[in-house]
Structure formats: C-alpha cells, structure tokens
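Peer 1: Predicted model, plus sequence, below.
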Amino acid sequence: MAIRFIRVQNEPDLPEGWFLRTPFLTPREVANAQKVKESTVRSWIHRGLGPRAFKVGSVIRFSPAEYLVWLEEHAR
C-alpha cells in the first residue's frame, strides 16, 4: 500500500495544517475490517451511511482517522 500525505484539520493533538503521513483505506480494506462485502461498503457510501469517503481520481478512499471516528459513533 502506498503512503500518502493528508492535511489534518481539527485534530486535537496536532497543530492546524500539520501533515500526517498515513495510508488511505480502500473500500476493500474497510469491508474486510467490518467483515462485510465490498458492495456493502459501496452501498453505505452511496446512501451516506458509512464512513466519509472521497475520490482520488476515479478511486474511492477513506481517511483512517475518519474511519475510526465512524467506528466510535456506531459502536454504541
């Protein structure tokens, strides 16, 4: 997996504009972590139910930080 740089905003432990070196997650990786089909994750994206996703060119990616926030919100 390639390492990408993302701009971190509103992270409590990091100053504004800090660059965090972290890999983005793919829909397949999220599906594997949740033990669901990749098509389920894509359905969540389409319906606005899953972790916030974004496109890089023509591919869908997830920020690991936002994925963890989504997990926390849905673990209750």
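Peer 2: It's in. Numbers count the residues shown, from 1 in each chain.

Peer 1: Could you pull out the strands in this structure for me?
Peer 2: Counting by DSSP state E, one finds strands in the chain at the ranges 4-7, 19-22, 53-56, 59-62.

Peer 1: The first one - what's its average pLDDT?
Peer 2: For strand 4-7, the mean pLDDT works out to 49.

Peer 1: again, but for the third one
Peer 2: Taken as a whole, strand 53-56 has a mean pLDDT of 87.

Peer 1: what packs against that strand?
Peer 2: Here strand 53-56 touches strand 59-62, going by 3 or more CB pairs under 8 Å, 6 or more residues apart in numbering; DSSP states H and E. (Each C-beta comes from the backbone N, C-alpha and C, glycine too.)

Peer 1: Show me which positions of the strand it packs on end up buried.
Peer 2: Neighbour-count burial for strand 59-62 flags 60-62 (criterion: 16 or more other CB atoms under 10 Å).

Peer 1: Export only the CA atoms of that strand, formatted as CSV.
Peer 2: Provided in CSV are the C-alpha atoms of strand 59-62 (Å, rounded to 0.1, in the frame of the first residue of the first chain):
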residue,chain,number,x,y,z
VAL,A,59,-10.9,5.5,-6.9
ILE,A,60,-12.6,5.8,-3.6
ARG,A,61,-10.5,6.2,-0.4
PHE,A,62,-11.1,6.7,3.3
